[in-house]
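> 3D model of this:
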Amino acid sequence: MEIVLGLLIIAIGSFGQSSSYVPINKIKKWSWESFWLVQGIFAWLIFPLCGALLAVPDGSSLGAIISSNPSAALKAGFFGMLWGVGGLTFGLSMRYLGVALGQSIALGTCSAFGTIIPAIIAGEDLFKGSGLILLIGVCVTLAGIFVIGYAGSLRDKNMSEEEKRKAVKDFALGKGLAVALLAGVMSACFNLGLQAGESLTVEGTSELFASLPATLMVTIGGFITNASYCLWQNGKNKTFSDYKEKGVFVRNLLFCALAGLLWYSQFFGLSVGKSFLVDSPIMLAFSWSILMALNVVFSNVWGIVLKEWKGAGKSTAVVLTIGMAILILSAFLPNFLS
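Next up, the predicted model:
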């Protein structure tokens, strides 16, 4: 029962993340770099800080937790900076492929690398025992991603250029796939950062929120990368005036805050959900892949709602449904096999 509850909590956070690009579409008169920076302030600084404060027990402080292992904090921040590159290209993958296909490819790659690399570093044998179960789970996840990617290629063939542009304004399959794959590989560094910072706890820290200080250090690193790029783009494109745009600042700020809250909910949910998986080491190790798989499922649900798949044809819809079903199965598979 605890495993089911843990998966449900992770799923709720996943739904929040997959919904985060919906309010972004409501932002008016701001360039990409402007809204990406502002939503990042909420997603990578404000809300992670609020979450990390929940991990502080009575009589301690967040500073004491971070300083308890400066080396771990710095490593988490470094991996966060690498993840930040993935965050930048992740946003571009949405631009070129849309919410459904862009998140599917990027998160699928992120799922595989983010799950397997920590296992290898930990000395896990991926060809026997729990390591093999982990590998099978990742392979099933990737199979689901492949099927959804195939559905995307079918959509590309079945839709006219006008339909593609209507669904995704800057649709570009080749460029989008390359960007999404890079985003996935670099985004996997987030989980490496969480692993590096898992010792950032003190006596009395609740298991529910134990990984949130590490999450904060990773997102700070990511914010440094993203903010640097966005400010450079503001200067290059002369878009600093976006922040002075009359009549839209408060509206855009609120939508950025909502997007940031929804995005952060995935890692808040992951931290809380993992605390219910401690009795199943395999599910605990696979939790990252579960989160990414569910993100793909929910992103495609939003893709359907936003009509990104409209005009793609019935056969494409069937393939998409099969891919989503495989991903849902992958979330439970390690528990069935263990």
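> need the contact list for E33.
E33 sits next to 229-231, 233-234, 237, 239 when contact means CB atoms under 8 Å, 6 or more residues apart in numbering. Quick note: C-beta positions are derived from backbone N, CA and C, even for glycine.
> which residues does the closest residue to N69 other than its chain neighbours contact?
Spatial nearest neighbour of N69, excluding adjacent residues (CB to CB, 6 or more residues apart in numbering): S199 at 4.9 Å. Shown in contact with S199 (CB under 8 Å, 6+ apart): 68-69, 72.
> just send those residues back as TSV, with pLDDT and secondary structure too.
Compiled in TSV, the contacts of S199 are given as follows (pLDDT from 0 to 100; DSSP: H, G, I helix; E, B strand; the rest coil):
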residue	pLDDT	secondary structure
S68	92	coil
N69	95	coil
A72	96	helix
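> which of the residues you listed tops the neighbour count?
A72 (20 neighbours; other CB atoms under 10 Å).
> so what would you say the end-to-end distance of stretch 269-283 is?
15 Å (CA to CA, to the nearest Å).
> need the three-state assignment for L277.
coil (DSSP: H, G, I helix; E, B strand; the rest coil).
> verify the contact between it and M283 for me.
Yes - in this structure, L277 is within contact of M283 by CB atoms under 8 Å, at 4.6 Å.
> common neighbours of these two, please.
Joint contacts of L277 and M283 (CB under 8 Å, 6+ apart) are 3, 6.
> now do the phi/psi pair for the residue nearest to N69.
Main-chain torsions, S199, degrees, to the nearest 10: phi -80, psi 0.
> with adjacent residues omitted, what lies nearest to the residue of the chain most remote from its centre?
Within the chain, the residue lying farthest from the chain centre (CA atoms, centre = their mean) is G59, at 33.3 Å. Once flanking residues are discounted, G59 sits nearest to G204: 7.6 Å by CB to CB, 6+ apart.
> buried residues, stretch 237-249. List them.
By neighbour count on 16 or more other CB atoms under 10 Å, the buried set for stretch 237-249 is 239, 242.
> three-state assignment of the residue nearest to G59?
coil.
> run a quick neighbour tally on it.
11.
> my guess is it contacts S60. True?
Yes - between G204 and S60 there is a contact under CB under 8 Å: 6.8 Å.
> shaky segments in the chain?
99-100, 103, 156, 158-172, 338 (pLDDT under 70).
> can you show me the helices along it?
2-19, 21-24, 32-41, 47-53, 62-67, 70-121, 129-158, 161-167, 173-187, 189-196, 212-237, 249-274, 281-305, 314-337 (DSSP state H).
> for those helices, give me CSV that also has distance to Y243.
What follows is those, written out as CSV (distance: least, CB to CB, whole Å):
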stretch, distance to Y243
helix 2-19, 25
helix 21-24, 16
helix 32-41, 7
helix 47-53, 21
helix 62-67, 29
helix 70-121, 19
helix 129-158, 35
helix 161-167, 29
helix 173-187, 26
helix 189-196, 28
helix 212-237, 9
helix 249-274, 7
helix 281-305, 28
helix 314-337, 39
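> give me the neighbour count for G323.
Neighbour tally, G323, other CB under 10 Å: 25.
> I282 touches I133, doesn't it?
Yes - in this structure, I282 is within contact of I133 by CB under 8 Å, at 5.5 Å.
> what number of residues lie near D279?
10.
> list the contacts for A285?
A285 touches 115, 118-119, 124, 130, 134, counting by CB under 8 Å, 6+ apart.
> of those residues, which is the nearest to M217?
P118 (16.5 Å; CB to CB).
> now do the contacts for the closest one.
The contact partners of P118, by CB under 8 Å, 6+ apart, come to 191-192, 195, 285, 288.
> do the same with G273
Contacts for G273 (CB under 8 Å, 6+ apart) come out as 6-10, 13, 287.
> from I41, how far out is A227?
As judged by CB to CB, to the nearest Å, A227 and I41 stand 8 Å apart.
> re earlier: any of the contacts of G273 buried? List them.
6-7, 9-10, 13, 287.
> ok, for E124, nearest residue in space, not its chain neighbours?
Using CB to CB, 6+ apart, the nearest residue to E124 is G131, at 4.3 Å.
> hmm, G123 and the one you found touching each other?
No - using CB under 8 Å, G131 makes no contact with G123, being 9.4 Å away.
> so the two - more neighbours on which side?
Set G131 next to G123 and count neighbours by other CB under 10 Å: G131 wins out with 19 against 7.
> now the contacts of S199 as CSV including distance to S299?
Converted to CSV, the contacts of S199 look like this (distance: CB to CB, whole Å):
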residue, distance to S299
S68, 36
N69, 35
A72, 32
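> residues near V250, how many?
Neighbour count of V250, defined by other CB under 10 Å: 8.
> any idea how far G13 is from it?
Separation of V250 from G13 (CB to CB) stands at 28 Å.
> now for G131: which residues touch it?
Applying CB under 8 Å, 6+ apart, the residues near G131 are 119, 124-125.
> and M324, what does it touch?
M324 sits in contact with 144, 148, 296-297, 300, where contact means CB under 8 Å, 6+ apart.
> sweet, I'm off.
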